[in-house]
Each structure stands twice: as C-alpha cells, then as structure tokens.
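K.L.:
Quick one: sequence plus predicted model below, questions after.
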Amino acid sequence: TLADTGEGETAGHLSAEHALRLKVAQLAATLESTTDGILVTDLERNVLRCNGRFREMWQLSPEMIDAGMEGAMQHLLAQVKDPVASFERFNSIYSGPFAGSHAQIEFLDGRVVERSSQALVVDGLDTGRVHCFRDVTQHVRDTRMQAALHRISEAAHHASEMPELFRRIHEIIGELLPARNFFVALYDAGIDELSFPYFVDEFDPAPAPRPLDSGTLAGEVIRQGRAFLVTPDTLASLPETMQSIVGSESLDWLGVPLASGEHTIGALV
C-alpha cells in the first residue's frame, strides 16, 4: 500500500504544501485586487507587505519601500497637511498594546484618505500592524457640499438684508475653496444694467454698473447661463475687456450663474 512504501506521507506533504501555496496566492491576489491601500509591518516598522494601491496612493516606488520605512516615512509626511500630527499618530500605533485606530489624513493636493489600523496577531502574540488606507475624497466633498448648501439655505431664510446674505455666502464658500476674492453680479433686464452689489477683492475696486454685453466675463456667464473657469493658461486668450473683470494677478477665475426659475439673473464669482 501507499502507507507501506511511504508514498502516502509524501503525497500528504505535497498536498499540504500545495494548499499553503494556494492560500498565499489567494491572499496576494486579494491584496492586489482591493481598491484600498494595504501596508503590513512588524513592530519595528519594517515593511512585511504592501499592495500596489498603497504605493500608488502614496506615490512610492518599490525601491523606496525596499530602502526602509524611515526614508519612505519622510516621503509620506511631505504629502500631508499636518505632518507633525500625522507622525505622532503613527508613532502612537507602535507604542504599546494596541486595539486599533482610525484617522482621516488630508493631503496637500486635496485628497482625503481614511486610515484604519489593526494589530497583527500570530499565535496570540502581537507581531505587527496592518494599515488600510481608503480614499474618501469624493464622500467628504459631497458631505461638505450638502452641509454648505444647507447653511446657505438657512442664511437666505434668516438674513434681513442682501449684503448680509452675500457676506454669509462668501464665508461659507470660503470654507470649501480659497475664495478670498469673491463677488456677486446681478442683472436688471429692464434697464440692461449689470451691477456688483457685493465685491471683495485683494487688488481691484468694484466695477461701475454696465450693460450686459459690455465684454465682461461675468456678463458672459449670465448671457450664456453656464459656468466659466479661467486659468492662468487660458487668461491670455481672453479679450482685454474680459481680462479686466477677471482681476489683477488672478490664479483661477470661476463664475457660476444665479438662476430664478428658468431665467439667469446674475453670477456668483
């Protein structure tokens, strides 16, 4: 029999080895197929494993990973808004008994990543850490946008005067994006007058009222009823009259139409 010749033991050994290889292959495939970035380290923070999504998310090359965590950490911290706090939080994960932690990381490029960390336990012993990074940028933006729309609606309901409402809208939008320069343009079709009842700019004074078709970019937003985005690369292609309303030393100019029913009555810039 197989048992008498020892072949049964060999076959059993090969079967166990094949099963182990299969499990390792399945784990590797799972790590690479997930949309989350995965990093596994030992307690000395040496990288045991990471997937391609983690390297992509943090712009790390395989060579940087192989060179050690210290150099990689410097590269990681250079990408986040608060590197000191991020480094302290990461250190705390390795400073004793660990039950898991969660944090949001804000990148300098505007991305928001959610980190979830757990202990790596083998045979009842704490041997390292498993970190999962998930890009939640769009979810955070959607949440902030909905909150901003709600606050603007509340402001419109409670404001006693239009300048107060415009100031409040400026304040709320300024929390979503850099909007130190901000104005509201309104169009009175009865007298063909484009006016600027709220105008805050670091360099330029408020323009005088003018006809809608006077060549201003805000007028184009209202006339066409659609948003315009002007960047430094496209600014030079605009007519000089439009450049003047964009303002001095502009980085980006964004104008969106203000509508009442089916009619565009102004622009928020």
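P.N.:
Perfect, I can see it now.
K.L.:
so what's Glu262 up against?
P.N.:
By Cβ atoms under 8 Å, 6 or more residues apart in numbering, no residues touch Glu262. Bear in mind the C-beta positions are built from the backbone N, C-alpha and C, glycine included.
K.L.:
quick one: the strands in the stretch 1-150 of the chain?
P.N.:
Under the criterion DSSP state E, counting those that start in this stretch, strands of the stretch 1-150 of the chain are mapped to 37-42, 47-50, 101-106, 112-122, 125-135.
K.L.:
possible to save the ones you listed as a markdown table with mean pLDDT and mean neighbour count?
P.N.:
A markdown table is the format used below for those (pLDDT from 0 to 100; neighbours: other Cβ atoms under 10 Å):
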| stretch | mean pLDDT | mean neighbour count |
| --- | --- | --- |
| strand 37-42 | 92 | 20 |
| strand 47-50 | 89 | 17 |
| strand 101-106 | 93 | 14 |
| strand 112-122 | 93 | 16 |
| strand 125-135 | 93 | 17 |
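K.L.:
Of the ones you listed, which is nearest Glu202?
P.N.:
Checking the strands of the stretch 1-150 of the chain against Glu202 by Cβ to Cβ gives strand 101-106 as the closest, at 25.2 Å.
K.L.:
Would you mind pulling the contact partners of the closest one?
P.N.:
80-82, 86, 89, 92-93, 112-117, 133, 136, 140.
K.L.:
which of these sit farthest apart?
P.N.:
Farthest pair in those, by Cβ to Cβ: Ser92 and Val140, 23.4 Å.
K.L.:
between those two, who's got more neighbours?
P.N.:
Between Ser92 and Val140, Val140 has the larger neighbour count (other Cβ atoms under 10 Å), namely 17 against 11.
K.L.:
In this model Ser116 seems to touch Ile93, though I could be wrong.
P.N.:
No: with contacts counted by Cβ atoms under 8 Å, Ile93 stays clear of Ser116, the gap being 11.1 Å.
K.L.:
hmm, back to that, would you turn the strands of the stretch 1-150 of the chain into JSON lines with distance to Leu254?
P.N.:
Formatted as JSON lines, these follow (distance: least, Cβ to Cβ, whole Å):
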{"stretch": "strand 37-42", "distance to Leu254": "32"}
{"stretch": "strand 47-50", "distance to Leu254": "38"}
{"stretch": "strand 101-106", "distance to Leu254": "22"}
{"stretch": "strand 112-122", "distance to Leu254": "21"}
{"stretch": "strand 125-135", "distance to Leu254": "24"}
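K.L.:
pLDDT weak spots in the stretch 101-250 of the chain?
P.N.:
239-250 (pLDDT under 70).
K.L.:
tell me the contacts of Pro197?
P.N.:
Neighbours of Pro197 in contact, by Cβ under 8 Å, 6+ apart: Met162, Pro163, Phe166, Val184, Leu186.
K.L.:
Identify the residue spatially nearest to His170, adjacent ones excluded.
P.N.:
Phe182 (4.7 Å; Cβ to Cβ, 6 or more residues apart in numbering).
K.L.:
roughly how far apart are the one you found and Ala227?
P.N.:
15 Å (Cβ to Cβ, to the nearest Å).
K.L.:
Give me the more crowded residue out of the two.
P.N.:
Phe182 (18 against 12).
K.L.:
So the more buried one sits against Ile173, correct?
P.N.:
Yes: assessed by Cβ under 8 Å, Phe182 is found in contact with Ile173 at 6.9 Å.
K.L.:
what helices or strands is the strand or helix carrying Leu186 leaning on?
P.N.:
Assessed by DSSP states H and E, Leu186 sits inside strand 182-188. Applying 3 or more Cβ pairs under 8 Å, 6 or more residues apart in numbering; DSSP states H and E, we find strand 182-188 packed against helix 162-174, strand 193-200, helix 217-224, strand 263-268.
K.L.:
Mind doing that once more with 6 Å?
P.N.:
With contacts defined as 3 or more Cβ pairs under 6 Å, 6 or more residues apart in numbering; DSSP states H and E, strand 182-188 has these neighbours: strand 193-200, strand 263-268.
K.L.:
okay if I get those as CSV plus distance to Pro209?
P.N.:
Formatted as CSV, the helices and strands packed on strand 182-188 follow (distance: least, Cβ to Cβ, whole Å):
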stretch, distance to Pro209
strand 193-200, 4
strand 263-268, 13
